[in-house]
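Engineer: only the shape, not the letters, is given here:
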Ligand code: WT7
């Protein structure tokens with residue numbers, strides 16, 4: 001029987017059990033799946049060497065657990081409701097049986113195109129059922145999917161394809177997101193100029209606009225699928241075989257390809273989905289994320305499908321055609337579970353409450369948030385106006401690297417507290433570290449958040465760069481996994497995530513590295529040097545503030561800002577555009593040449609009065625000049 005925690009008492013009991021015998025706990029959970037062959041060893045390896053393995057020797061195909069297993073029981077149940085960008089466009093529902101057939105057909109297509117177990121396939125698509133079918137078909141044939149959010153630029157797409165030597169790209173002719181049109185095929189063509197490993201491109205029709213066509217390389221999805229058989233035998237995988245790569249930003253260098261493997265990821269996403277959201281058979285669950293991010297992977301695609309849930313695939317944005325869109329969809333499908341990001345809540349809060357009041361939200365039972373700390377004001381608005389005061393809010397803390405939710409209330413079970421992710425899931429052991437690298441004991445304390453023991457969903461490596469994996473996560477605190485987050489444990493033992501303590505920004509729930517943005521800005525011929533920091537932003541959570549030293553100070557800073565925007569959009573994508581720029585005569589540096597970002601953060605946050613100790617600066621005068629500067 002699947003572990004399904006039903007009371008707070010039971011949560012405490014099971015948490016203690018999971019501490020007493022961690023391996024037995026996970027083995028029990030894994031035993032609920034269909035394995036072609038059981039594992040030889042529950043777990044080996046650890047943070048010291050970064051050689052973590054779970055369920056080694058176990059043979060499975062993850063799609064047999066997401067699809068095949070359900071056919072006899074819930075084959076006619078809706079797996080997905082597709083809600084298009086525009087409310088009047090064609091919408092449809094897909095049953096488990098139909099999804100299974102489509103995944104089998106597309107698996108045959110991929111294999112006919114020569115894709116084999118272990119090959120990498122890049123997916124750059126609109127949020128449509130075909131994106132999910134593509135990912136599942138890859139998993140079914142043992143290919144490693146790398147989904148790239150369809151808001152990234154050609155250059156970002158190219159870098160991600162090159163990094164993992166993808167053999168194929170699956171894309172759309174274009175997409176519409178709100179009132180914007182994104183020419184995905186044109187962007188793909190541009191990217192592929194520098195991606196010789198890609199031999200085939202499959203194009204799924206979405207916008208019917210004119211596109212260029214490369215004979216011998218490009219093929220239409222609908223033509224390929226038409227004659228494909230819906231009989232497909234899933235390829236047998238080892239528990240530790242790669243399932244997917246997902247690129248995410250770090251504090252240095254280019255985005256890294258976080259790798260997840262089949263067995264552990266399956267067990268972890270399924271377990272967390274079921275216990276955190278408490279979705280029952282008749283419920284309709286909607287996670288508003290895009291499948292281009294980890295939230296979409298774990299809690300639109302995999303977690304819900306393992307549990308036979310009904311989910312929504314939403315192509316649109318919260319404020320199109322107007323600020324009532326989310327609530328219109330909630331009413332229309334009688335959504336019971338709604339999972340979104342604080343940035344969306346803050347954005348919608350700023351509109352007239354009539355956009356909420358127009359709709360019947362009485363179907364809602366559980367609300368969730370993810371991606372960034374939620375401020376109390378947003379929490380209360382969500383609780384009162386959306387949840388009508390009767391829906392528990394699950395504030396779920398986790399990361400691309402953790403695979404699934406780590407610290408979160410269990411809906412209706414864990415008493416909640418605004419702004420707190422509350423308590424760790426059974427099997428998860430968070431610790432707070434002090435500046436000497438020691439665990440901080442007791443409650444009412446703050447420190448850097450680490451995890452003490454491996455769990456099945458943890459990323460196994462950074463694609464092609466295991467050293468970077470070790471360096472990023474396993475070296476700051478020997479024997480622990482370091483999250484990069486600061487955290488407070490209140491007197492009751494509840495966890496509150498306070499935000500990143502490294503040079504990673506969280507802008508509207510999107511993770512961006514300051515170095516990545518600086519590198520893009522530095523491509524401008526008039527830039528000598530730049531430094532990017534985050535600052536508090538009412539809607540985005542964090543805004544992007546760029547200090548830059550110019551060769552020749554621009555006469556028209558507003559026009560210059562536009563140039564920087566165009567450049568960053570071209571190199572990374574529109575999400576990385578600086579909100580504010582400031583031309584500076586110099587940057588505050590230590591004698592060893594390190595930029596003191598602490599000072600820049602204070603200036604950006606307009607807290608420059610309280611600058612602290614600046615005596616280690618090479619040129620303290622620069623601080624005064626920056627303080628007196630102007631932001632555009
Ligand atoms: C970072 C991970 C997890 C999926 C989406 C983001 C921040 C995430 C919360 C939360 C406070 C949160 C952390 C984390 N974060 N959830 N509930 N409360 N902060 O995944 O892009 O890998 O980013 O997002 O800073 O380290 P990601």
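Structural biologist: That came in fine, so what should we check first? Computed from a predicted structure; not experimentally measured.
Engineer: when you work out contacts or count neighbours from here on, use the C-alpha atoms and nothing else.
Structural biologist: OK.
Engineer: and whichever residue of the stretch 201-350 of the chain sits closest to the ligand, how many neighbours?
Structural biologist: Here the residue of the stretch 201-350 of the chain nearest the ligand is residue 295; by C-alpha to the nearest ligand atom that distance is 4.9 Å. By other C-alpha atoms under 10 Å, 24 other residues sit near residue 295.
Engineer: residue 288 is in contact with that one, correct?
Structural biologist: No. Assessed by C-alpha atoms under 8 Å, residue 295 is found out of contact with residue 288, at 9.1 Å.
Engineer: what do the two both touch?
Structural biologist: Here residue 295 and residue 288 have no joint contacts, going by C-alpha atoms under 8 Å, 6 or more residues apart in numbering.
Engineer: give me the phi and psi for residue 530.
Structural biologist: Dihedral pair for residue 530: phi -140, psi 160, per degrees, to the nearest 10.
Engineer: count of neighbours near it?
Structural biologist: Using other C-alpha under 10 Å as the criterion, residue 530 is surrounded by 23 other residues.
Engineer: near the ligand, which residues of the stretch 201-350 of the chain are found?
Structural biologist: Within reach of the ligand by C-alpha under 6 Å from any ligand atom, the stretch 201-350 of the chain has these residues: 294-295.
Engineer: same thing but at 5 Å, please
Structural biologist: When proximity is defined as C-alpha under 5 Å from any ligand atom, the stretch 201-350 of the chain approaches the ligand at residue 295.
Engineer: go on, the chain?
Structural biologist: 295, 370-373, 395-400, 497, 499-500, 511.
Engineer: so which of these are in strands?
Structural biologist: Counting by DSSP state E, the residues of the chain next to the ligand place 370, 395-396, 497, 499-500, 511 in strands.
Engineer: turn those into a markdown table, columns for neighbour count and pLDDT.
Structural biologist: Compiled in a markdown table, those are given as follows (neighbours: other C-alpha atoms under 10 Å; pLDDT from 0 to 100):
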| residue | neighbour count | pLDDT |
| --- | --- | --- |
| 370 | 23 | 98 |
| 395 | 34 | 98 |
| 396 | 26 | 98 |
| 497 | 22 | 97 |
| 499 | 16 | 93 |
| 500 | 17 | 94 |
| 511 | 20 | 94 |
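Engineer: am I right that residue 344 sits in a strand?
Structural biologist: No. Under DSSP: H, G, I helix; E, B strand; the rest coil, residue 344 sits outside any strand and is assigned helix.
Engineer: name the element the closest residue to it other than its chain neighbours belongs to?
Structural biologist: In this structure, residue 344 finds its nearest non-sequential neighbour in residue 318, 7.0 Å apart by C-alpha to C-alpha, 6 or more residues apart in numbering. Using DSSP states H and E, no element contains residue 318; it sits outside every helix and strand.
Engineer: where's residue 318 relative to residue 86, distance?
Structural biologist: Using C-alpha to C-alpha, to the nearest Å, residue 318 is found at 11 Å from residue 86.
Engineer: again, but for residue 428
Structural biologist: Look at residue 428 and residue 86: by C-alpha to C-alpha, they are 41 Å apart.
Engineer: what do you get for residue 139?
Structural biologist: Residue 139 is 30 Å from residue 86, by C-alpha to C-alpha.
Engineer: how many residues are close by residue 628?
Structural biologist: For residue 628, the neighbour count with other C-alpha under 10 Å is 12.
Engineer: and if you look at residue 368?
Structural biologist: The burial count for residue 368: 24, using other C-alpha under 10 Å.
Engineer: what residues does it make contact with?
Structural biologist: Contacts of residue 368 by C-alpha under 8 Å, 6+ apart are 337-340, 393-396.
Engineer: with adjacent residues omitted, what lies nearest to the residue of the stretch 201-350 of the chain closest to the ligand?
Structural biologist: Residue nearest to residue 295 in three dimensions, not counting chain neighbours: residue 289, with 6.3 Å by C-alpha to C-alpha, 6+ apart.
Engineer: run a quick neighbour tally on that neighbour.
Structural biologist: A count of nearby residues for residue 289, using other C-alpha under 10 Å, gives 22.
Engineer: quick check: it is in a strand.
Structural biologist: No. Read with three-state DSSP, residue 289 is coil and lies in no strand.
Engineer: show me how far the helix or strand that residue 326 is a member of is from its chain's centre.
Structural biologist: When elements are assigned from DSSP H and E, residue 326 belongs to helix 325-333. For helix 325-333, the distance from its own C-alpha centre to the chain's C-alpha centre is 23 Å (C-alpha atoms, centre = their mean, to the nearest Å).
Engineer: please consider this matter closed, and thank you.
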